[in-house]
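K.L.:
okay, predicted coordinates and the sequence, questions at the end:
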Amino acid sequence: MSKIQTRLKKPEKIKNEQLNIVQNLISTANKAQIELGGMEVQKHRILHSVATIQDQITLFRDELKKEYGTDDINIDTGEIKYEENGKTDKKD
């Protein structure tokens with residue numbers, strides 16, 4: 001093979017060191033994407049749980065309104081806060 005042919009010949013493969021670098025980068029990116037997908041699943045479960053809890057709160061507030069005529073309750077003390085006019089929506 002002449003010097004001209006050697007110069008014109010293009011490499012068929014990248015260097016092993018370069019191959020290792022690109023393989024590690026791709027592997028790291030894939031792992032990150034899988035982890036992100038897992039987080040999205042976890043996020044979805046948490047959002048579903050929050051929605052369920054909010055529904056339970058709404059139902060419990062309805063129970064409080066039926067029993068006390070209001071759902072305006074101090075959650076630290078349990079004190080019921082009635083309207084200024086003293087009227088309630090309690091249904092006996």
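P.N.:
Thanks, I have the structure now. Every value quoted in this text rests on a predicted model; they were computed, and no experiment measured them. Residues are numbered from 1 along each chain as shown.

K.L.:
where along this structure do the helices fall?
P.N.:
Secondary structure of the chain by DSSP state H: the helices cover 3-8, 16-68.

K.L.:
what's the most buried one of these?
P.N.:
Comparing the helices of the chain by mean neighbour count (mean count of other Cβ atoms under 10 Å), helix 16-68 ranks first with a mean of 10. C-betas here are computed from N, CA, C, even on glycine.

K.L.:
by contact count, what packs against it?
P.N.:
The criterion is 3 or more Cβ pairs under 8 Å, 6 or more residues apart in numbering; DSSP states H and E, and there are no helices or strands that helix 16-68 contacts.

K.L.:
before we move on, the earlier item: can you put the helices of the chain in JSON lines and add distance to Glu84 and mean pLDDT?
P.N.:
As requested, these are arranged in JSON lines below (distance: least, Cβ to Cβ, whole Å; pLDDT from 0 to 100):
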{"stretch": "helix 3-8", "distance to Glu84": "94", "mean pLDDT": "70"}
{"stretch": "helix 16-68", "distance to Glu84": "16", "mean pLDDT": "98"}
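
K.L.:
any idea which of these gets closest to Ile80?
P.N.:
Between Ile80 and the helices of the chain, the tightest spacing by Cβ to Cβ is seen for helix 16-68, at 5.5 Å.
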